[in-house]
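Asker: just a sequence and a predicted model for now, questions to come.
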Amino acid sequence: MSAPVASVRTSAPTSVRAAPRPSEATEVHTRILRCMLAVEDCYAYWQRVEPTVPAGERARVAFEQRWFGTKSEARVRTIMTDMIERFDAFPDALAALKEAGSLPARIRPFICHLHMQLADPIYRRFTGELLPALRAEGRTSIDRPRVARWVDALAPGRWSAVTAIKFGSNLLATAFDVGLVAGRRDPRRIALPQVPDVVIGYALHLLREVGIEGSLLDNPYLRSLGITQETFRAFAPRVPGVHFVELGGATELSFDAPSLRAWAPSAFGGLS
């Protein structure tokens, strides 16, 4: 029997949006081979970027102003390509992060993880499908050859063996930075980090404004954090600005704020 689908209600009034609703990326690419989670680079980007500056000019500005420290101009261009796909594609989220100013270090990897999932369908499937499936099967470890075979099976013959192995290495290294695997050498232990409540709130407010495959409570973003529609009730009471009700087999999710950008100041403001 399939789980009931949650309905979503917003308690505060919403305004009509002229801009089209952004959607998760679906086109497969290889950017993770050149840029992984890059938490501090992401943090520097959303703090310093000026969205009014044309995307084509931002790499020059970032290099001249040393947003990313002493990295070369070529490396800055590579980073900027990913930052634009991860954050500029979701302008309300980028505005909320920029307005938030300083965020605690414990929050940043999760924010970067969610945005990398939005921008990279292979990473999204790895963290939101493969790892949760292995956890559900009772598997406790994973290694690079296993991930390389999984990558190859996504599109048989598309990548060379060397590229598939590189995918395996970088997917595992990125998951390590989030806490989804433990250890840098094979076999890596499949882990599940303690997710701050505000991160769950950020994910829900972000995803309600984005076109995704799945529902708001049944998707690879929450599954990657160990949350399913069946287990959400255990997390719900702690999530700021979100209310979860079950009645007669149906579930309803309601939000106090009309948008992520309206929710973020109070949610992020009390963090330390």
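Answerer: Thanks, I have the structure now.

Asker: could I get the full set of helices for the stretch 101-250 of the chain?
Answerer: Counting by DSSP state H, counting those that start in this stretch, the stretch 101-250 of the chain has these helices, from start to end: 108-119, 121-125, 131-136, 144-154, 161-178, 197-207, 220-224, 232-235.

Asker: give me the neighbour count for S215.
Answerer: 16 (other C-beta atoms under 10 Å). Any C-beta I mention is one placed from the backbone N, CA and C, and that applies to glycine too.

Asker: please apply the same query to the one 10 residues further on.
Answerer: The burial metric for L225, expressed as a neighbour count using other C-beta under 10 Å, is 25.

Asker: so it sits against Y202, correct?
Answerer: No - counting by C-beta atoms under 8 Å, Y202 is not a contact partner of L225; they are 10.9 Å apart.

Asker: identify the contacts common to those two.
Answerer: Shared contacts of L225 and Y202 (C-beta atoms under 8 Å, 6 or more residues apart in numbering): F110.

Asker: low-confidence ranges in this protein?
Answerer: 1-19, 272 (pLDDT under 70).

Asker: now do the strands in it.
Answerer: With DSSP state E, the ranges of strands along the chain come out as 7-10, 141-142, 181-182, 188-190, 242-247, 250-255.

Asker: coming back round to it: of all the helices of the stretch 101-250 of the chain, which lies closest to R188?
Answerer: For the helices of the stretch 101-250 of the chain, the distance to R188 is smallest for helix 161-178, at 5.9 Å, taking C-beta to C-beta.

Asker: residues of that closest one that come out buried?
Answerer: Buried residues in helix 161-178, counted by 16 or more other C-beta atoms under 10 Å: 164-178.

Asker: count residues in the vicinity of D143, would you?
Answerer: For D143, the count of nearby residues is 14 (other C-beta under 10 Å).

Asker: please report how far it lies from R158.
Answerer: Computed as C-beta to C-beta, to the nearest Å, the D143 to R158 distance reads 22 Å.

Asker: that older thread, the helices of the stretch 101-250 of the chain: which one's closest to D92?
Answerer: Distance to D92, taken as C-beta to C-beta, is lowest for helix 197-207 among the helices of the stretch 101-250 of the chain, at 8.6 Å.

Asker: what angle separates that closest one from strand 242-247?
Answerer: Counting by axes from the mean of the first three to the mean of the last three C-alpha atoms, to 10 degrees, helix 197-207 points 80 degrees away from the direction of strand 242-247.

Asker: now tell me what touches helix 197-207 from outside.
Answerer: The contact list for helix 197-207 (C-beta under 8 Å, 6+ apart) reads 90, 93, 107, 110-111, 114, 216, 219, 221-222, 225, 227, 235, 238-242, 253, 255, 257, 259-260, 263-264, 267-268, 271.

Asker: kindly give a single PyMOL line that selects the buried subset of the residues you listed.
Answerer: Buried residues within those, by 16+ other C-beta under 10 Å, are selected in PyMOL with:
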select buried, resi 90+93+107+110+111+114+216+219+221+222+225+227+235+239+240+241+242+253+255+257+259+260+263+264+267+268
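
Asker: count of neighbours near E57?
Answerer: By other C-beta under 10 Å, 9 other residues sit near E57.

Asker: spatially nearest residue to F176 (excluding sequence neighbours)?
Answerer: R184 (6.4 Å; C-beta to C-beta, 6 or more residues apart in numbering).

Asker: could you report the neighbour count for A236?
Answerer: 20.

Asker: how about it: what's its closest non-neighbour residue?
Answerer: In space, and not counting its chain neighbours, A236 is closest to F244: 3.6 Å by C-beta to C-beta, 6+ apart.

Asker: how far away is the residue nearest to V61 when sequence neighbours are not counted from A59?
Answerer: In space, and not counting its chain neighbours, V61 is closest to V53: 6.3 Å by C-beta to C-beta, 6+ apart. Per C-beta to C-beta, V53 is found 10 Å from A59.

Asker: neighbour count winner among those two?
Answerer: Each of V53 and A59 has its neighbours counted (other C-beta under 10 Å); A59 has more, 21 against 12.

Asker: the more buried one is in contact with R77, isn't it?
Answerer: Yes - with contacts counted by C-beta under 8 Å, A59 reaches R77, the gap being 4.5 Å.

Asker: gap between L171 and G270?
Answerer: Per C-beta to C-beta, L171 is found 34 Å from G270.
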